[in-house]
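Asker: missing the sequence, but the structure's below:
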DNA sequence: AAGTGTTTGTTCAATGTCTGTATAGTCACC
DNA sequence: GGTGACTATACAGACATTGAACAAACACTT
């Protein structure tokens, strides 16, 4: 959250938080206080979240807590943000249930400000949409509510999507499979990729493969992504996709993208959490 | 950046950016930091963009980043993020000039999504508010526009201020000096402190010192901050502030807080950029 | 009061990574 | 033909890694 340090190795991190490297390692192995990611060679790379926990740990010690208790408390204090995210999701769902536009927007405001785009997409927007979709299938949520939610959120995300063809980064060409109408997940994927300064060409829902191929030919993107929730919709396009995959780097995304199909048409598969997938793609 | 060097070979380029040729080649091959075009014979020809990246790289190293991280950051920063922030500020100002609520909100959305809370406060919101204030003093901006801007932004920030008395961090008690109506800067300060998991008790604009003292007595905060734009408003309360400073840790903030006065009443002074000041306070 | 066990910050050794620099042999340009 | 640039490989010092051991501080029992 805080000072713009990206990822620090233990030495510099230790200097900044005022704890020796040895002690940091001890706290990590004994209490799991920090969770640094690792460099390819195994070095710890610390983030701002770790710094916050260490800060909290030191406050605990200053107050006379034992190390174990202080660490426990510091980790427990992580909870508010998790709880808060869940709470935001619940409030968004309620707002949707009531067709309450203002409330929905203020949930999104709050979440964006407090957690930023990626976290908001991962833990608030996408789970809530899934919830809405599931609720509809179970007959608990009216289709009009689903539309209300999609439109509101799509509008909101599209507002963040200005000028995203601009810049000098690699180009991604994104489309939903023919027949697939759910474009919001793909939109989220696009926004995350955009935040890594990729350029985006977004063709959206229900895009014929021929259209996609033509766009790919003229724009020569660094990556083409085709997304679908329904495996059948991709399966139906297997031949066209295979041809496309020979011309440009192609990836399949969404729950409809199976490993089997991806392997068969020689496309990359972006599995699971598309926000994470976008981060990974951006590393390449 | 208006350096007249069109295309330099590595020797001269190295001299100008102050990095040895060997190291430049290493940075290029290891991290892809520079992307010089090549002469027909294969010589590297560097451009101003390369110089900018090297410059960034060196800044990163100075801040204690590892070479790999510094390079990563320099490349990531390639997107003209400073330009973008300035652009957001300009758009916000325009939106305010037109009383265009929707546009103002979408600028804030975009900025929060792209840069997070702290950067948005520091480089978009606060500078724009200052601009508005200055414009008003110069007679270029109507007072109604100033009110429009304050209300819109205050509303937005207050939405982030839920439950900020909760948690276990140290408590900060914040108030504007009696007569001081500008509370938004202090609100920004509070939000940054909150992100370091401090608890906040925000008394807001125009708070009598007696009220503040009473609140301090019952809550025993780790820090009391009194903010003002006008030195005279603080000066007028010197006696009361001095008494307060004997009872609890006190800090003066804002352009109205002079070094002289702070020393006299034995309070800490939070100078300049309050967002930075909040980060520093949180370290203590 | 002495004995026992736990907690926790620190130390050490052996190994590995990261990164700036140096070297060797070849090639480009004036 | 001399100066400077090219690639590729090697190397040393700074910095990190794990795992085990250690000593002071504290708590609890006998």
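Answerer: Noted; the coordinates are in hand. Small disclaimer: the values here were computed from a predicted structure and weren't measured. Numbering: from 1, shown residues only, chains lettered A, B, ... in the order given.

Asker: Is the host helix or strand of residue A:192 in proximity to chain B?
Answerer: Using DSSP states H and E, residue A:192 sits in helix A:184-195. Yes - if you take C-beta under 8 Å from any C-beta of the partner chain as the test, helix A:184-195 does meet chain B, through A:191, A:195. From N, CA and C alone the C-beta is placed, and that goes for glycine too.

Asker: Determine the set of other helices and strands touching the helix or strand just after that helix.
Answerer: Under the assignment DSSP H and E, the closest C-terminal helix or strand after helix A:184-195 is strand A:199-204. On a contact count with 3 or more C-beta pairs under 8 Å, 6 or more residues apart in numbering or on different chains; DSSP states H and E, strand A:199-204 meets strand A:171-176, helix A:184-195, helix A:209-219.

Asker: any idea of the angle the helix holding residue A:192 forms with strand A:199-204?
Answerer: For helix A:184-195 against strand A:199-204, the angle by axes from the mean of the first three to the mean of the last three C-alpha atoms, to 10 degrees is 170 degrees.

Asker: Could you pull out the buried residues of helix A:184-195?
Answerer: Residues of helix A:184-195 classed as buried by neighbour count (16 or more other C-beta atoms under 10 Å in any protein chain shown): A:184, A:185, A:186, A:187, A:188, A:189, A:190, A:191, A:192, A:193, A:194, A:195.

Asker: again with stretch A:94-102
Answerer: Going by neighbour count (16+ other C-beta under 10 Å), the buried part of stretch A:94-102 is A:95, A:96, A:97.

Asker: Quick check: of those, which lies closest to residue A:268?
Answerer: Checking these against residue A:268 with C-beta to C-beta, the nearest one is residue A:96 at 33.6 Å.

Asker: For that closest one, give me its contacts.
Answerer: By C-beta atoms under 8 Å, 6 or more residues apart in numbering or on different chains, the contact set of residue A:96 is A:104, A:128, A:132, A:145, A:148, A:149, A:152.

Asker: try residue A:161
Answerer: With the criterion set at C-beta under 8 Å, 6+ apart, residue A:161 makes contact with A:187, A:190, A:191, A:194, A:200, A:202.

Asker: just to revisit the earlier point, between the buried residues of helix A:184-195, which is nearest chain B?
Answerer: Distance to chain B, by C-beta to the nearest C-beta, is smallest for residue A:195 among those, at 6.6 Å.

Asker: Spit out the contact partners of that closest one.
Answerer: With C-beta under 8 Å, 6+ apart as the criterion, the residues that contact residue A:195 are A:117, A:118, B:113, B:114.

Asker: give the contact list for the last one.
Answerer: For residue B:114, the contact set (C-beta under 8 Å, 6+ apart) comprises A:117, A:195, B:84.

Asker: please redo it, this time with the cut-off set to 7 Å
Answerer: Residues in contact with residue B:114, defined by C-beta atoms under 7 Å, 6 or more residues apart in numbering or on different chains, are residue A:195.

Asker: Return the residues of chain A in contact with DNA strand D.
Answerer: For chain A, the residues in contact with DNA strand D (C-beta under 7 Å from any atom of the strand) are A:9, A:10, A:11, A:12, A:21, A:25, A:42, A:43, A:44.

Asker: Tell me which residues of stretch A:139-150 come out buried.
Answerer: Within stretch A:139-150, the residues scored as buried using 16+ other C-beta under 10 Å are A:141, A:145, A:146, A:148, A:149, A:150.

Asker: likewise stretch A:122-134?
Answerer: Across stretch A:122-134, burial judged by 16+ other C-beta under 10 Å covers A:122, A:123, A:124, A:125, A:126, A:127, A:128, A:129, A:131, A:132, A:133.

Asker: you'd agree the third one is in a helix?
Answerer: Yes - assessed by DSSP: H, G, I helix; E, B strand; the rest coil, residue A:124 belongs to a helix.

Asker: if I read this right, it contacts residue A:89, doesn't it?
Answerer: Yes - Residue A:124 is in contact with residue A:89 according to C-beta atoms under 7 Å; the separation is 5.0 Å.

Asker: what is in contact with the two at once?
Answerer: In terms of C-beta under 7 Å, 6+ apart, residue A:124 and residue A:89 are not both contacted by any residue.

Asker: how about the helices of chain A, start to end?
Answerer: Using DSSP state H, the helices of chain A run over A:10-17, A:21-31, A:48-62, A:67-76, A:79-97, A:101-120, A:126-137, A:143-159, A:184-195, A:209-219, A:231-235, A:238-247, A:259-265, A:274-283.

Asker: ok, which residues in the stretch 1-150 of chain A are in contact with DNA strand C?
Answerer: Residues of the stretch 1-150 of chain A found near DNA strand C (C-beta under 7 Å from any atom of the strand) are A:20, A:22-23, A:26-27, A:30, A:39-43, A:61, A:66-69.

Asker: Residue of chain A closest to DNA strand D, please.
Answerer: residue A:11 (2.4 Å; C-beta to the nearest atom of the strand).

Asker: How about the contacts made by that residue?
Answerer: Counted by C-beta under 7 Å, 6+ apart, residue A:11 has contacts residue A:21.

Asker: what do you get if the cut-off is 8 Å, keeping everything else the same?
Answerer: By C-beta under 8 Å, 6+ apart, the residues touching residue A:11 are A:21, B:64.

Asker: follow-up on the earlier one: out of the helices of chain A, which is closest to residue B:247?
Answerer: Nearest of these to residue B:247, taken as C-beta to C-beta: helix A:48-62 at 20.8 Å.

Asker: Can you list the neighbours in contact with that closest one?
Answerer: Helix A:48-62 is contacted by residues A:1-3, A:5, A:13, A:16-19, A:24, A:27, A:33-36, A:67, A:69-71, A:73-75, A:77-78, B:169-170, B:196-197, B:282-283 when judged by C-beta under 8 Å, 6+ apart.

Asker: Also stretch A:115-126?
Answerer: Outside stretch A:115-126, the residues that touch it by C-beta under 8 Å, 6+ apart are A:81, A:85-86, A:88-89, A:92, A:107-108, A:111-112, A:153, A:157, A:160, A:184-185, A:188, A:191-192, A:195, A:273-276, A:279, B:112-114, B:116.

Asker: quick revisit: within reach of DNA strand C, which of the buried residues of helix A:184-195 are there?
Answerer: Applying C-beta under 7 Å from any atom of the strand to those, none is adjacent to DNA strand C.

Asker: quick one: low-confidence parts of chain A?
Answerer: Chain A contains residues with pLDDT under 70 at A:1-5.

Asker: For DNA strand C, what's the nearest residue on it?
Answerer: Using C-beta to the nearest atom of the strand, the single residue of chain A nearest to DNA strand C is residue A:41, 1.9 Å away.

Asker: State the distance from that residue to chain B.
Answerer: Shown here: residue A:41 relative to chain B, a distance of 10 Å by C-beta to the nearest C-beta, to the nearest Å.

Asker: Next: residue A:50.
Answerer: Counting by C-beta to the nearest C-beta, the separation of residue A:50 from chain B is 13 Å.

Asker: what's the answer for residue A:97, then?
Answerer: Distance, residue A:97 to chain B, by C-beta to the nearest C-beta: 21 Å.
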